[in-house]
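Asks: Pasted the sequence and its predicted model underneath.
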Amino acid sequence: MHPITLEEAHTLALNVLSRQGFSQEQSQALARAVVAGERDECRSHGLYRLLNCVKTLTAGKVNAEAAPVIDDIAPGVVRVDAQGGFSQLAFESGLPLLASKARTQGIAAMAINHCVHFSALWIEIEAITDHGLVGLACNPSHAWVAPAGGILPVLGTNPLAFGWPRPANPPYIFDFATSAIARGDIELHRRENKALPEGWGIDRCGHPSRDPEAVLEGAMLTFGGHKGSALSTMIELIAGPLIGDLTSVQSLKHDAGAGGSPYHGELLIAMDPKRFLGEKTEHFLQQAEEVFASITSQGARLPSQRRYEARARSQREGVWLPDHLYQELSSLL
Ligand code: NDP
Ligand code: PYC
């Protein structure tokens, strides 16, 4: 394993991306995202994703110099056209208007269109809770996941993330794929020659499999059976046709076997507790704290707690990259 500080990780990511042809703005936004993933020990969306950014660029499936265009389409709706670039810069560009609309209206939505997407959504949700707002985000991906009861991959890994700002604590945030696990984790198992846990996927014939290669070629499964399947379908709809963008099936078709990151849209919703609650805001935010306390007081943990602990550790001690990953990234400089 190769030790590296967070500053070095950021410089490495930035240099790889600029060297490969991404604009400064795109490189900065991408580097911030992958370093945050590595820092919080969400490795399926950490520095290893740089390999996929480069693969997507080499395949001609992303606009490396895209400058997002913001469109104020309704009092409560912002549209950001990512212009075929990665989602991160589009999100960062649209966030100030989304936050300002949420503060005025109480609730506002942002549709990001025409973006190449691999982001862990907690990064965006955390940026929304930093504004004191409640946030929700979701997007399709590539059609890799079979619906409950079926064996053909027609749904994406479709993440759903939610965040709640807490006055005296880090925000409550959950963020998960609606598949049993993110595809990135299956790819990491393949890279490390590790068998998958049961229940993550099936082979091409629909038989349960623990072989990462067979599952990558077959289909992943949803979490929670028909419940995950329905949530995933909802995401196909509200972050696809509703915002005028591609479904996971269409995204995979657009990729045409290039092996690039998914290309589609994303829906984000921001809500301002102060608009809903006025002078009762403090009282009701305190009730929310009681909900959290009722969970943690019995020894259960809140989602993101592991991440916040990992963050503190990485900020203190840096992170460790597998040697082969460090070498692969260095070879791109
Ligand atoms: P996990 O199955 O690991 O679930 C992650 C969420 O569950 C986190 O919020 C995590 O908090 C929480 N959690 C895990 N264990 C517990 C526990 N015991 N008690 C309470 N909370 C718990 O992640 P996934 O593989 O489903 O997703 C990983 C990432 O992949 C996400 O960030 C997602 O956005 C991203 N992704 C992105 C896609 C895209 O299209 N852009 C597609 C699919 C996934 P903690 O982090 O603290 O452990
Ligand atoms: O890990 O499932 C995944 C994923 C898809 C797009 C970005 N991440």
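Replies: Happy to help now that I have it. Numbering: from 1, shown residues only. Ligands and ions are numbered 1, 2, ... in the order given.
Asks: low-scoring stretches of the stretch 201-333 of the chain, by residue?
Replies: Counting by pLDDT under 70, the stretch 201-333 of the chain shows no low-confidence range.
Asks: Strands of that one, start to end?
Replies: Applying DSSP state E, counting those that start in this stretch to the stretch 201-333 of the chain gives strands spanning 201-202, 219-220, 263-271, 319-321.
Asks: Out of those strands, flag the one nearest E41.
Replies: Across those, E41 has its closest neighbour in strand 319-321 (8.0 Å, CB to CB). To be clear about C-beta, it is placed using only N, CA and C from the backbone, and glycine gets the same treatment.
Asks: Give me the sheet partners of that closest one and which way each runs.
Replies: Strand pairing for strand 319-321, determined by DSSP bridges: strand 2-4 (antiparallel).
Asks: got a list of contacts for the partner strand?
Replies: 12, 318-323, 326 (CB atoms under 8 Å, 6 or more residues apart in numbering).
Asks: circling back to that earlier point, out of the strands of the stretch 201-333 of the chain, the one nearest S93 is which?
Replies: Closest among the strands of the stretch 201-333 of the chain, once you apply CB to CB, is strand 263-271, at 12.6 Å.
Asks: re earlier: mean neighbour count and distance to A161 for the strands of the stretch 201-333 of the chain - can I get that in a markdown table?
Replies: Below are the strands of the stretch 201-333 of the chain laid out as a markdown table (neighbours: other CB atoms under 10 Å; distance: least, CB to CB, whole Å):
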| stretch | mean neighbour count | distance to A161 |
| --- | --- | --- |
| strand 201-202 | 24 | 22 |
| strand 219-220 | 25 | 19 |
| strand 263-271 | 25 | 9 |
| strand 319-321 | 20 | 23 |
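Asks: I'd like these laid out as a markdown table, including distance to Q105.
Replies: A markdown table is the format used below for the strands of the stretch 201-333 of the chain (distance: least, CB to CB, whole Å):
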| stretch | distance to Q105 |
| --- | --- |
| strand 201-202 | 42 |
| strand 219-220 | 37 |
| strand 263-271 | 9 |
| strand 319-321 | 40 |
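Asks: closest to ligand 2 out of those?
Replies: Across these, ligand 2 has its closest neighbour in strand 219-220 (8.1 Å, CB to the nearest ligand atom).
Asks: just checking, what packs against the closest one?
Replies: strand 201-202 (3 or more CB pairs under 8 Å, 6 or more residues apart in numbering; DSSP states H and E).
Asks: The strand it packs on: how far from the chain's middle?
Replies: Taking CA atoms, centre = their mean, to the nearest Å, one finds the center of strand 201-202 at 22 Å from the center of the full chain.
Asks: hmm, it in reach of ligand 2?
Replies: No: Strand 201-202 is not in contact with ligand 2 by CB under 6 Å from any ligand atom; minimum separation 12.0 Å.
Asks: In the stretch 201-333 of the chain, which residue sits nearest ligand 2?
Replies: Closest point on the stretch 201-333 of the chain to ligand 2, by CB to the nearest ligand atom, is P262, at 5.2 Å.
Asks: quick one: contacts for that residue?
Replies: 116-118, 140-142, 156, 248, 251-252, 255.
Asks: Can you classify the spatially most central residue of the chain by secondary structure?
Replies: In the chain, the centroid-proximal residue (CA atoms, centre = their mean) is A120; its distance is 2.3 Å. At A120 the chain is in coil, as set by DSSP: H, G, I helix; E, B strand; the rest coil.
Asks: List the ones among the contacts of P262 that fall in helices.
Replies: 248, 251-252, 255 (DSSP state H).
Asks: In TSV: those residues, plus neighbour count.
Replies: Shown next, in TSV, are the ones in helices among the contacts of P262 (neighbours: other CB atoms under 10 Å):
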residue	neighbour count
S248	27
S251	25
L252	21
D255	18
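Asks: Make TSV from those residues and add distance to F91 to it.
Replies: Converted to TSV, those look like this (distance: CB to CB, whole Å):
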residue	distance to F91
S248	20
S251	18
L252	23
D255	21
